[in-house]
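Chemist: Kindly return the folded structure for what I paste below:
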Amino acid sequence: MYRLFLFDLDGTLVDTSPGILEALRQLEREMGAEPLPQKTLEKFVGPPLDWSMETYYGLDPETAREWSEVYRRIYGQEGGIENSRLYPYIKETLALIREKGGRCAVTSLKSHDMVATTLDVYDLSKEFDVLVGRSDRCPTKADTIREAMRLLDWQDKSTAVLLGDSRYDGEGAMEAGVDFVPLTYGFGFAEPGSMDGLACTAVAEKPEDVFRFVQAQFA
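Modeler: Numbers count the residues shown, from 1 in each chain. Now for the predicted structure:
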């Protein structure tokens, strides 16, 4: 049974897509870029920002970093963080973990400050034992998972599970040696075959399934 629950942020705990998509549209206008299709913009939710800039706008790495900085300024100044919504059953799920003596952490490819600021909108930061965001120390998803376990001094990988909404989450879990539950209500598994090759313990099609999955661990 799992006792350490590691959560992604975007598309897992919080639907941040409205703020992200609006900031990207403003970025396109500011940089004079050809607007991407809506479905392509939705692929920005979850993966590393620089990688998405390179992949979907066709930028070189240096230009992608510059565009990412402009995007972050727009996102921060235009209320992107507040323009989000907490998924149903998240507060109930976290309360259940606490009640049953489990531990929980956020492992995200957003910066630590952005993770904390986003969760603070919903007064949720205090519900987690640790928050780990992307940094020079933790540039990959697997690194954020390993760092959360290090901070918690959690040695038993068999009792840890990552819940996330993208292939990057699944691959990061496999690399870090923990189990994975894909959440298909987010944005990362919208395309056919997007879960191929991932080792999945269960699948959550809606936020209520996350609550039920956690509940089953303590049954």
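
Chemist: What are the boundaries of the strands in this structure?
Modeler: 4-7, 14-15, 85-86, 103-107, 130-132, 160-164, 179-182 (DSSP state E).

Chemist: now the fourth one: mean pLDDT?
Modeler: Right, the one you point to is strand 103-107. Strand 103-107 carries an average pLDDT of 98.

Chemist: Quick one: list the elements packing against that strand.
Modeler: Using 3 or more CB pairs under 8 Å, 6 or more residues apart in numbering; DSSP states H and E, the elements in contact with strand 103-107 are strand 4-7, helix 90-99, strand 130-132, helix 141-151. C-beta coordinates here come from the backbone N, C-alpha and C atoms, glycine included.

Chemist: Pick the most deeply packed of the ones you listed.
Modeler: When these are scored by mean count of other CB atoms under 10 Å, the highest mean neighbour count falls to strand 4-7 (a mean of 25).

Chemist: Contacts for that strand next, please.
Modeler: Residues outside strand 4-7 that contact it (CB atoms under 8 Å, 6 or more residues apart in numbering) are 13, 97, 102-107, 128, 145, 148-149, 152, 154, 159-164, 178, 214.

Chemist: That strand - what's its average pLDDT?
Modeler: The model assigns strand 4-7 a mean pLDDT of 98.

Chemist: and that strand, how far from the chain's centre?
Modeler: 12 Å (CA atoms, centre = their mean, to the nearest Å).

Chemist: name the helices or strands packed onto the longest helix seen in the chain?
Modeler: Under DSSP state H, the helix in the chain containing the largest number of residues is helix 61-77. Using 3+ CB pairs under 8 Å, 6+ apart, the elements in contact with helix 61-77 are helix 17-31, helix 49-57.

Chemist: Let me have the ones you listed in CSV, adding mean pLDDT as columns.
Modeler: Putting the helices and strands packed on helix 61-77 into CSV (pLDDT from 0 to 100) gives the following:
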stretch, mean pLDDT
helix 17-31, 93
helix 49-57, 94
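
Chemist: returning to what we had before: as CSV, the helices and strands packed on strand 103-107 with distance to Pro47 would be great.
Modeler: Formatted as CSV, the helices and strands packed on strand 103-107 follow (distance: least, CB to CB, whole Å):
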stretch, distance to Pro47
strand 4-7, 17
helix 90-99, 22
strand 130-132, 17
helix 141-151, 10
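
Chemist: Which of those sits closest to Gly58?
Modeler: Comparing the helices and strands packed on strand 103-107 against Gly58 with CB to CB, the closest turns out to be helix 141-151 (24.1 Å).

Chemist: and the angle for that closest one with strand 103-107?
Modeler: 150 degrees (axes from the mean of the first three to the mean of the last three CA atoms, to 10 degrees).
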